[in-house]
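[1] here's my sequence, what's the structure:
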Amino acid sequence: MNAQNLRMNVVASNLANVNSVSGDPAAVYRSRQPVFSVDALGSDDPGVAGVHVDGIVQTQDPPSVVHMPEHPEADEDGNVYMSNVNVVEEMVNMIAASRSYQNGVEVAKVSKELLLRTLSLGQ
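    Numbering: from 1, shown residues only. Now for the predicted structure:
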């Protein structure tokens, strides 16, 4: 659930910067994506694992170049560089992360209910 929460926060940051511009292609906001790996949870059962966040990386896709000589951030050629965030991809990521988070909440809720029912059997 923590991994999906981080994923939603990264997507929100990307969407917040979708219209960012800069006069320098190296300084413009670039889409970020979290990198996950599988963690064994110390169990001998190979089916039991968790998710570890390895970090957040910037995509290397080039920014869009738009000719806007009147823009205050324009370079000497009159170009501004726009963020490489793809809104459709980010919305798909947000929906997938949200559903995964909701599934985790449901699993925790059902596990709690089953544990409480198990405890009540001894009464």
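[2] where do the strands of this protein begin and end?
    All strands of the chain, identified by DSSP state E, fall at 21-22, 32-40, 49-58, 64-67, 79-82.
[3] so which of these comes closest to residue 115?
    strand 49-58 (19.5 Å; Cβ to Cβ). To be clear about C-beta, it is placed using only N, CA and C from the backbone, and glycine gets the same treatment.
[4] partners of the closest one in the sheet?
    Here strand 49-58 is paired, per DSSP bridges, with strand 32-40 (antiparallel).
[5] now the strand it pairs with: buried residues?
    Of the residues in strand 32-40, 32-34 count as buried by neighbour count, 16 or more other Cβ atoms under 10 Å.
[6] can I get these in CSV including distance to residue 115?
    CSV is the format used below for these (distance: Cβ to Cβ, whole Å):
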residue, distance to residue 115
32, 38
33, 36
34, 31
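[7] show the average pLDDT along the biggest helix by length in the chain.
    Counting by DSSP state H, the longest helix found in the chain is helix 87-121. Averaged across helix 87-121, the pLDDT comes to 93.
[8] neighbours of residue 108, how many?
    11 (other Cβ atoms under 10 Å).
[9] I meant to write residue 63 there.
    Counted with other Cβ under 10 Å, residue 63 comes out at 22.
[10] how about residue 105?
    For residue 105, the neighbour count with other Cβ under 10 Å is 12.
[11] so how far is residue 91 from residue 12?
    11 Å (Cβ to Cβ, to the nearest Å).
[12] repeat for residue 121
    46 Å.
[13] these two: which is more packed in?
    A count of neighbours by other Cβ under 10 Å puts residue 91 above the other of residue 121 and residue 91, at 12 against 6.
[14] which residues touch that one?
    residue 15 (Cβ atoms under 8 Å, 6 or more residues apart in numbering).
[15] dihedrals phi and psi, residue 69?
    Here is the backbone geometry of residue 69 (degrees, to the nearest 10): phi -60, psi -20.
[16] for residue 58, which non-adjacent residue is closest in space?
    residue 30 (4.4 Å; Cβ to Cβ, 6 or more residues apart in numbering).
[17] what number of residues lie near that neighbour?
    Neighbourhood size, residue 30 [other Cβ under 10 Å]: 20.
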